[in-house]
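J.: give me the fold of what follows.
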Amino acid sequence: MKINIFTKYNTINKFRPPLSKTKFNGIFFLYLSELDKTCLKFAIIMHDIAKSEGVIDDAHPEMSALFARNILEKYQLPIEIKDRIFELIKYHHWL
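T.: The predicted model follows:
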């Protein structure tokens, strides 16, 4: 049985450390794999790269994802990582 991050959160929510004690002030971050942490760090840095300041723009996540993909093409990362970062950025307003 594969356990995803949301299943882990529901199971251990009662035992989690206070938010102030976790890196990135996020309860989920502690339970991510190193690969997921790396992808998330890249996505955090680039998620609003195409957003104009002071403008409400519902289309910026997709444009930011495209910009990020162009930037990531310059680095020798596995395509799976690049795709994962792209998806995180593209859908960062979904939640």
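J.: need the helices for the protein, in chain order.
T.: 5-12, 34-46, 60-72, 79-90 (DSSP state H).
J.: now the most centrally placed residue in the chain: how far from D58?
T.: What sits nearest the mean C-alpha location of the chain, by Cα atoms, centre = their mean, is L40, with 3.5 Å. The gap separating L40 from D58 is 22 Å, by Cβ to Cβ, to the nearest Å. Every C-beta, even on glycine, is put in place using the N, C-alpha and C of the backbone.
J.: go on, Y75?
T.: For Y75, the distance to D58 - Cβ to Cβ - is 29 Å.
J.: check N70 too.
T.: To D58, N70 is 21 Å away according to Cβ to Cβ.
J.: got the buried residues for stretch 57-71?
T.: Under the neighbour-count criterion of 16 or more other Cβ atoms under 10 Å, stretch 57-71 has H60, P61, S64, A65, A68, R69 buried.
J.: go on, stretch 49-59?
T.: Buried residues in stretch 49-59, counting neighbours by 16+ other Cβ under 10 Å, are found at A50.
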